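> sequence unavailable; structure follows:
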């Protein structure tokens, strides 16, 4: 039985990292990237522990096995991952709903991934519904960046309720910035 919850152990953080490694852009074929999507950023256990201390990430489990995750990345975690600095600088340039994006009380969905064996079973939506249940009363919105070439992820985020608020390019890729307004 699949269920969504928050991370509560180092073992679950390790399972997130294992699932991440399997689905990294550089570890899958071009056909799989196009068909199934991919993850880009590499997190370490140290980063995961630091982020988890600020706010636990959301996972979907099948019994004791983590089969999906959506990492909670608070603005306060900015120093933990210098690789995301360009994303934060980009947020400072975005105007959304008539004001600077940084005026909103937001957090970042740092990365989302669903194991192959449970794709197509509503797990992606379960992750985001749990995000909203846990964090919706404390934040105006959730934001993330998606590689423009990751069309499966873009479509899935749109289905949940995310809207594109900006696009930009950096040394890593071309990005679509999407936010889900919870107000």
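That came in fine, so what should we check first? This one's a predicted model, so the numbers in the text were calculated from it and none came from an experiment. Residues are numbered from 1 along each chain as shown.
> which stretches of this structure have low pLDDT?
For the chain, no stretch is flagged by pLDDT under 70.
> centroid residue for it?
residue 111 (2.7 Å; C-alpha atoms, centre = their mean).
> ramachandran angles for it?
Main-chain dihedrals, residue 111, degrees, to the nearest 10: phi 180, psi 140.
> doesn't residue 39 make contact with it?
Yes - with contact defined as C-beta atoms under 8 Å, residue 111 reaches residue 39; the gap is 5.4 Å. To be clear about C-beta, it is placed using only N, CA and C from the backbone, and glycine gets the same treatment.
> so what's the residue nearest to the centre of the chain up against?
20, 39, 40, 41, 43, 69, 70, 71 (C-beta atoms under 8 Å, 6 or more residues apart in numbering).
> okay, and the beta partners of it?
residue 71 (DSSP bridges).
> for it, give its distance to residue 34.
Separation of residue 111 from residue 34 (C-beta to C-beta, to the nearest Å): 19 Å.
> just checking, residue 161 touches residue 180?
Yes - with contact defined as C-beta under 8 Å, residue 161 and residue 180 form a contacting pair (4.9 Å).
> shared neighbours, those two?
In contact with both residue 161 and residue 180: residue 128, using C-beta under 8 Å, 6+ apart.
> tell me which of the two has more neighbours.
residue 180 (21 against 15; other C-beta atoms under 10 Å).
> in which helix or strand would I find that one?
Element membership of residue 180 [criterion: DSSP states H and E] is strand 174-181.
> distance between that strand and the chain's centre?
On the basis of C-alpha atoms, centre = their mean, to the nearest Å, strand 174-181 is displaced by 11 Å from the centre of the chain it belongs to.
> identify each buried residue in that strand, please.
175, 176, 177, 178, 179, 180, 181 (16 or more other C-beta atoms under 10 Å).
> related to what we said a few turns ago, joint contacts of residue 111 and residue 39?
With C-beta under 8 Å, 6+ apart, residue 111 and residue 39 have common neighbours residue 20.
> secondary structure element for residue 157, which one?
helix 151-160.
> how about that helix: buried residues?
152, 153, 154, 156, 157, 160.
> before we move on, what about stretch 48-67?
For stretch 48-67, by 16+ other C-beta under 10 Å, it's 48, 51-52, 55-62, 66-67.
> which of the contacts of residue 111 lies closest to residue 80?
Lowest distance from residue 80 to the contacts of residue 111 (C-beta to C-beta) belongs to residue 43, with 9.3 Å.
> quick check, that closest one in a strand?
No - if the criterion is DSSP: H, G, I helix; E, B strand; the rest coil, then residue 43 is coil and not within a strand.
> now do the contacts for it.
When contacts are taken as C-beta under 8 Å, 6+ apart, residue 43 is in contact with 16, 17, 20, 71, 81, 110, 111.
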